[in-house]
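Q: mind folding the following:
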Amino acid sequence: MASRRSRLINTFQQGIRWFHGSNIAQRQTMVEGLPLNYEVAGGGKKVALCMPGALEDFILSSNEYSILLAGTIQSDFGPQMKSLAGKNLTLVCWDPPGYGKSWPPPRQYSLDFLHRDAAIAALLMKTLKYDKYSLLGWSDGGISALILAAAYPQHVDKLVVWGANAYVSHGIRDINKWSQRMRAPLEAIYGTEYFKEAWEGWVDTLLHIYHEKGGDICKGDLAKITCSTLIIHGAKDPVAPLSHGQLVIMDEGKHNIHLRSPEEFNKIVYQFLFKE
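A: Prediction:
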């Protein structure tokens, strides 16, 4: 198990290494009274917004849930900011409110928190004067990307999502059951208290959605999406089951397919974005 955990930590740190090894401009701006941290990479006329996940990247082993934490530009989109962005493609990636360097203030959870993320992301792109752009969304960021594409079809060119849930199907709340090695990366960023509060708030909100909305996170929004959409799915993803739908299957892919297999993943995304 120690070697497995070491690989999980290395995967988290891989995002940091990719991130710091690239030519990326770090910036901040205010949107709806919130300080938002974002990065811009590449110089192409085609633009895509990268939307990170939450504090949850479950990797299921035979004995336990091992948890590699996410939710930031550095941890979630390092390989894409380095190698997918370039002279033909500009990538904008943000830290959602309450995550990464968009914290403080703390993350606010409600039954529509992912819809709020979508609205704030759209306002961020408007503030940055991007009128037409594609969306790359992973996990919770994929859900917000689906919602954004449904709500603002006039601004979204193409949509790529992976590891996203349309409805609630999982949740593990007690971080005391995690190994210290799994908690360490995010505790180092957020501190033990805020990390615990943010994680419990996320899980409790999903449970409320399950009980009060029948588990519907964004199913009602999907029919409103009109842009070309690519769904990539890791066949071994324990977080978002195959029942959530897929178009491209990466047979050995798990939940973080864009970090574990960045070259294959980036190639698929690039070809889709530039396909006429």
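Q: if we ignore the residues flanking it in sequence, what's nearest residue 223?
A: Distance criterion Cβ to Cβ, 6 or more residues apart in numbering; nearest residue to residue 223, sequence neighbours excluded, is residue 150 at 7.9 Å. In short, each C-beta sits where N, CA and C put it, glycine included.
Q: in what helix or strand does that neighbour lie?
A: In this assignment (DSSP states H and E), residue 150 forms part of helix 140-151.
Q: what count of nearby residues applies to residue 263?
A: 9 (other Cβ atoms under 10 Å).
Q: what do you get for residue 32?
A: The local packing of residue 32 (other Cβ under 10 Å) involves 12 other residues.
Q: check the gap between the nearest residue to it once chain neighbours are set aside and residue 52 for me.
A: Using Cβ to Cβ, 6+ apart and skipping the chain neighbours, the partner closest in space to residue 32 is residue 120 (5.9 Å). Using Cβ to Cβ, to the nearest Å, residue 120 is found at 13 Å from residue 52.
Q: could you do residue 217 as well?
A: Counting by Cβ to Cβ, the gap from residue 217 to residue 52 is 17 Å.
Q: make sure the residue nearest to residue 32 is indeed in a helix.
A: Yes. Assessed with DSSP: H, G, I helix; E, B strand; the rest coil, residue 120 lies in a helix.
Q: for it, what are its contacts?
A: With contacts defined as Cβ atoms under 8 Å, 6 or more residues apart in numbering, residue 120 is in contact with 31-32, 34, 36, 96-97.
Q: taking these, tell me the two that lie furthest apart.
A: 32 and 96 (12.6 Å; Cβ to Cβ).
Q: the strands in the stretch 1-150 of the chain, which residues?
A: 25-31, 34-41, 46-51, 58-60, 65-67, 89-94, 133-138 (DSSP state E, counting those that start in this stretch).
Q: dump those strands into a markdown table; add mean pLDDT, distance to residue 270 and mean neighbour count as well.
A: Shown next, in a markdown table, are these (pLDDT from 0 to 100; distance: least, Cβ to Cβ, whole Å; neighbours: other Cβ atoms under 10 Å):
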| stretch | mean pLDDT | distance to residue 270 | mean neighbour count |
| --- | --- | --- | --- |
| strand 25-31 | 93 | 21 | 12 |
| strand 34-41 | 97 | 14 | 20 |
| strand 46-51 | 98 | 10 | 24 |
| strand 58-60 | 36 | 26 | 19 |
| strand 65-67 | 40 | 30 | 18 |
| strand 89-94 | 98 | 7 | 25 |
| strand 133-138 | 97 | 11 | 26 |
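Q: residues in contact with residue 196?
A: Counting by Cβ under 8 Å, 6+ apart, residue 196 touches residue 175.
Q: what about it, which helix or strand?
A: helix 192-212.
Q: I'd say residue 200 and residue 194 touch.
A: No. The criterion here is Cβ atoms under 8 Å, and residue 200 misses it with residue 194 at 10.8 Å.
Q: compare neighbour counts for those two and give me the winner.
A: Neighbour totals were compared for residue 200 and residue 194, and residue 194 leads with 17 against 14 (other Cβ under 10 Å).
Q: residues touching that one, list them.
A: With contact taken as Cβ under 8 Å, 6+ apart, residue 194 is in contact with 103, 106.
Q: how close does residue 208 sit to residue 194?
A: From residue 208 across to residue 194, the span is 21 Å (Cβ to Cβ).
Q: repeat that for residue 275.
A: When residue 275 is compared with residue 194 (using Cβ to Cβ), they lie 42 Å apart.
Q: likewise residue 140?
A: 18 Å.
Q: what does residue 161 give?
A: 28 Å.
Q: number of nearby residues for residue 247?
A: Neighbour tally, residue 247, other Cβ under 10 Å: 10.
Q: which strand or helix spans the closest residue to it other than its chain neighbours?
A: Spatial nearest neighbour of residue 247, chain neighbours left out: residue 231 (4.7 Å); criterion: Cβ to Cβ, 6+ apart. Using DSSP H and E, residue 231 sits within strand 228-234.
Q: contact partners of the very next helix or strand once past that strand?
A: Per DSSP H and E, the first helix or strand lying C-terminal to strand 228-234 is strand 248-250. Contacts to strand 248-250, defined as Cβ under 8 Å, 6+ apart, come from residues 230-235, 257, 261, 264-265, 268.
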